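Trainee: A structural model of the following input is requested.
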Amino acid sequence: MDTIGANLQAVRTRIARAAVGCGRAAADIKLVAVSKTFGAEAVRAAHAAGQRAFGENYVQEALAKMAALADLSLEWHFIGPIQSNKTRLIAEHFDWVHSIDRLKIAERLAAARPAGRAPLQVCIEVNLGGETTKGGVAPKEALALARAVCDLPGLKLRGLMAIPPASDDTTQRHHYFAQLRKLQENIMAGGIPLDTLSIGMSGDFEVAIAEGATLVRVGTAIFGTRTDSKIKELA
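Mentor: Presented below is the predicted three-dimensional model:
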């Protein structure tokens, strides 16, 4: 578990270095530690090293961790595909949702958000590469969805999220991240205030920061490599 603390510090150093390199402040970039498939003890170790925001993809796994870590003050982000039959649980237990890609899901989340809780902070997921294996709204449809989400009670639209097509080409990664940033700027020009650009993971968050990321979702660089068998078990 000491390794998790050391890894977190290394990631924070990389974030700070990347921010300085493009004339930004590291304090303006939020780190979400993606703890999916790792147990509550790993989250507890990260918390002990100063981490507060955690990302999860699987609802039942996340709920078990929340129960085991109820003594800690944590911020939970749902970052995976959203099934209609899981919207109530997500709305009741999470602080953020990054993966809204259709109005029906947003409406269900809004209806299920408990009245006594602060609005659910949400991002619209955009499918930049038109990949059929990934969720996300088409870029040309993002503005209309953003307008509709803004009108829903119980939700607060914060920004956009994307997982661009896999590529070892840094230029391609810059291209996709810049495309999302420009889309956000266009939506803001339409009168919708946004302050969050959720892009960048373990292998490319420095590129994302250079293109304006305000939130990076980092898992492997903090917790280590996930096993395929564990991912299939939880999916």
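
Trainee: OK, contacts around the residue nearest to T196 when sequence neighbours are not counted?
Mentor: Closest residue to T196 apart from its sequence neighbours, by Cβ to Cβ, 6 or more residues apart in numbering: G159 at 3.0 Å. Backbone N, C-alpha and C define where each C-beta goes, glycine included. Residues in contact with G159 (Cβ atoms under 8 Å, 6 or more residues apart in numbering) are 123-124, 184, 194-198, 214-215.

Trainee: Burial check on P164, number of neighbours?
Mentor: 25 (other Cβ atoms under 10 Å).

Trainee: For it, which non-adjacent residue is spatially closest?
Mentor: Nearest non-adjacent residue to P164 (Cβ to Cβ, 6+ apart): Y176, at 3.5 Å.

Trainee: Look up the pLDDT of the one you found for me, please.
Mentor: pLDDT recorded at Y176 is 95.

Trainee: For G190, give me the pLDDT.
Mentor: 92.

Trainee: Report how many residues lie close to the nearest residue to it once chain neighbours are set aside.
Mentor: Nearest residue to G190, sequence neighbours excluded (Cβ to Cβ, 6+ apart): L143, at 5.9 Å. Residues contacting L143 under the criterion other Cβ under 10 Å number 17.

Trainee: Go ahead and confirm L143 touches N186.
Mentor: Yes - applying Cβ atoms under 8 Å, one finds L143 in contact with N186, separated by 7.0 Å.

Trainee: which neighbours do the two share?
Mentor: Counting by Cβ under 8 Å, 6+ apart, nothing touches both L143 and N186.

Trainee: Please settle this for me: is R12 part of a helix?
Mentor: Yes - per DSSP: H, G, I helix; E, B strand; the rest coil, R12 lies within a helix segment.

Trainee: Now the phi/psi pair for the residue nearest to T196, please.
Mentor: phi 170, psi -150 (degrees, to the nearest 10).

Trainee: For it, give the beta-bridge partners.
Mentor: C123, T196 (DSSP bridges).

Trainee: From F38, how far off is it?
Mentor: 26 Å (Cβ to Cβ, to the nearest Å).
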